[in-house]
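S.K.: Need a 3D model of the following:
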Amino acid sequence: MPARLARLCLLVGALSGGSAQAQEAGVRLSPVRGPDTAIPAEQAEAYLAGAQPMQAFLSQAAGEGPVPVPDSGPMQATRAHPGRPVRAMIDEADLRPAAPSRRPAVQELPAPALAGTPYQASVTRLFPGPIYAPYRAVGLLVFTASDGRDYWCHAALIERAILLTAGHCVFQGGNGSDQGFNTTGYFYPGYSAAEVGSRRFGRCRVTLWATTEGWYRHGILNRGEDIGLALCDRVEGARWTYVNNWLPGERLGYLGFCYSGCRQGYQLLTQPFYEPGASGGGEMHLSRHLAIAGQPVPGAAGAVGRDLVFGSLSGPGGGGAPQLAATGLPEDGGQAVVVAVTSWALAGAEGGGIRGASALSGVADGADFAALYNAMCRASRRVHGTASCRPLR
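M.R.: Have a look, this model is predicted:
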């Protein structure tokens, strides 16, 4: 167990009305918020359309002291669950308007400043969309932040009702007060912008928020602390009705995740993300890149990657997107495991394509993600039953 435990800062959102809950040891709970935080179904599309991407920028003068070397031991990770299998008939003609033939299917990283460096990337649009596992476990997290404004980030299911995202997508970092948590939130799994008013997998309301001790107190980027969790209620409003009234991960599946030794020196990762400016804006894309820890950050004087640093074509609104590492070939039991969440873009001309992602275990396992997850799992089991998640031992 790491010497410095993460204090877990949690916000209960929608169990019932009433006063503050009794505090768990090591966990900070907000006053309970009831169904009054829900957005009426008839206002759901307007709420979604009005949200702006939540952005986090690392200063180009972000140098700090010495950086611990990357993790050298093996990663420890959970296994994924694929959810219920589906059969879907796809008409290629329906996809063509969202993928103009004038744009290449694969877009290479264009930043000339990164030519000849390891920070290369390629991006493809996911066809026929996030209908199948594991990508349908990823979606948009739309929320009202503590400043009263509506934003969106990415999030991914890592259990039947537990979402993984960035800390800045759940809490105003460095606020040091429970008032810094989001007030309202909804998760749209397998989101597609083409499904206006008729979401294939519906949405679920967020009832609980959590972040690391470091992000709660300091809110500093590139320190391996920009990590957040959220707890979902049951799915509502799904066009594919077999998903309704179930916890989202029960039918759609969820991703495995790393909880120790996640900050490796070099990792070939895949990031599912939504990029409004890319071809088929509002549709899922996949970025593939090499992520590097413990090396100087290109374009940031004196800064060294406490986070995983990589080149990307995604815009600065990519916060919370999962970074997936393959553990082997599928026929040999391999799977995609989340090792980090996208955190920041380098400031200035959109950072020249440089991005950073907080490894789930933090620097030298300092984030204590296992404790963070276990606290959220305890909350899930109290609300949704003991079968809703499996705690880490």
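S.K.: Any stretches of the stretch 101-250 of the chain with poor pLDDT?
M.R.: Applying pLDDT under 70 to the stretch 101-250 of the chain flags the ranges 101-113.
S.K.: Show me where it has its helices.
M.R.: Per DSSP state H, counting those that start in this stretch, the stretch 101-250 of the chain carries helices over the ranges 213-217, 248-252.
S.K.: which parts of the first one are buried?
M.R.: Within helix 213-217, the residues that count as buried by 16 or more other CB atoms under 10 Å are 213-216. To be clear about C-beta, it is placed using only N, CA and C from the backbone, and glycine gets the same treatment.
S.K.: And those residues, which is closest to residue 262?
M.R.: residue 214 (15.4 Å; CB to CB).
S.K.: what's the distance between the closest residue to the closest one other than its chain neighbours and residue 77?
M.R.: In this structure, residue 214 finds its nearest non-sequential neighbour in residue 225, 3.4 Å apart by CB to CB, 6 or more residues apart in numbering. Counting by CB to CB, to the nearest Å, the separation of residue 225 from residue 77 is 20 Å.
S.K.: quick one: which of those two has more around it?
M.R.: Comparing residue 225 with residue 77 by other CB atoms under 10 Å, the one with more neighbours is residue 225, at 27 against 21.
S.K.: dump the residue contacts of the more buried one.
M.R.: 167, 212-215, 218, 358, 362, 367 (CB atoms under 8 Å, 6 or more residues apart in numbering).
S.K.: The helices of the stretch 101-250 of the chain: which one's closest to residue 117?
M.R.: Checking the helices of the stretch 101-250 of the chain against residue 117 by CB to CB gives helix 213-217 as the closest, at 29.1 Å.
S.K.: Sticking with residue 374, tell me its helix or strand.
M.R.: Element membership for residue 374, per DSSP states H and E: helix 369-384.
S.K.: Buried residues of that helix, list them for me.
M.R.: Result for helix 369-384 [16+ other CB under 10 Å]: buried residues 369-377, 379-381, 383-384.
S.K.: Residue 246: which of these is nearest?
M.R.: Distances from residue 246 to these, taken by CB to CB, are shortest for residue 384, at 10.4 Å.
S.K.: State the pLDDT value of the closest one.
M.R.: Looking at residue 384, its pLDDT reads 95.
S.K.: same thing with residue 56?
M.R.: 90.
S.K.: In contact with residue 161, which residues?
M.R.: 204, 231-233, 247-249, 380, 383-384, 388-389.
S.K.: Make CSV out of those residues and add distance to residue 123.
M.R.: Formatted as CSV, the contacts of residue 161 follow (distance: CB to CB, whole Å):
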residue, distance to residue 123
204, 28
231, 31
232, 28
233, 33
247, 31
248, 26
249, 27
380, 34
383, 38
384, 36
388, 35
389, 33
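S.K.: who wins for most neighbours among the residues you listed?
M.R.: Ranked by neighbour count (other CB under 10 Å), the contacts of residue 161 have residue 248 at the top, with 32 neighbours.
S.K.: And that one, how far from residue 338?
M.R.: Distance from residue 248 to residue 338, by CB to CB: 16 Å.
S.K.: Over to residue 168?
M.R.: For residue 168 relative to residue 338 (CB to CB), the value is 17 Å.
S.K.: Next: residue 187.
M.R.: For residue 187 relative to residue 338 (CB to CB), the value is 15 Å.
S.K.: hang on, the earlier thing: ok, of the contacts of residue 161, which one's closest to residue 306?
M.R.: residue 231 (27.8 Å).
S.K.: Name whatever forms a beta bridge with the closest one.
M.R.: Beta-bridge pairing of residue 231 under DSSP bridges involves residue 162, residue 208.
S.K.: hang on, it packs against residue 206?
M.R.: Yes - shown here, residue 231 and residue 206 form a contact pair, counting by CB atoms under 8 Å, at 6.7 Å.
S.K.: Run me through the strand neighbours of the lengthiest strand in the chain, direction for each.
M.R.: In the chain, assigned by DSSP state E, the strand with the most residues is strand 336-346. As defined by DSSP bridges, the strand partners of strand 336-346 come to strand 57-58 (parallel), strand 256-260 (parallel), strand 322-326 (antiparallel), strand 354-359 (antiparallel).
S.K.: Run the chain-centre distance for the longest one.
M.R.: The chain centroid and the centroid of strand 354-359 are separated by 12 Å, computed with CA atoms, centre = their mean, to the nearest Å.
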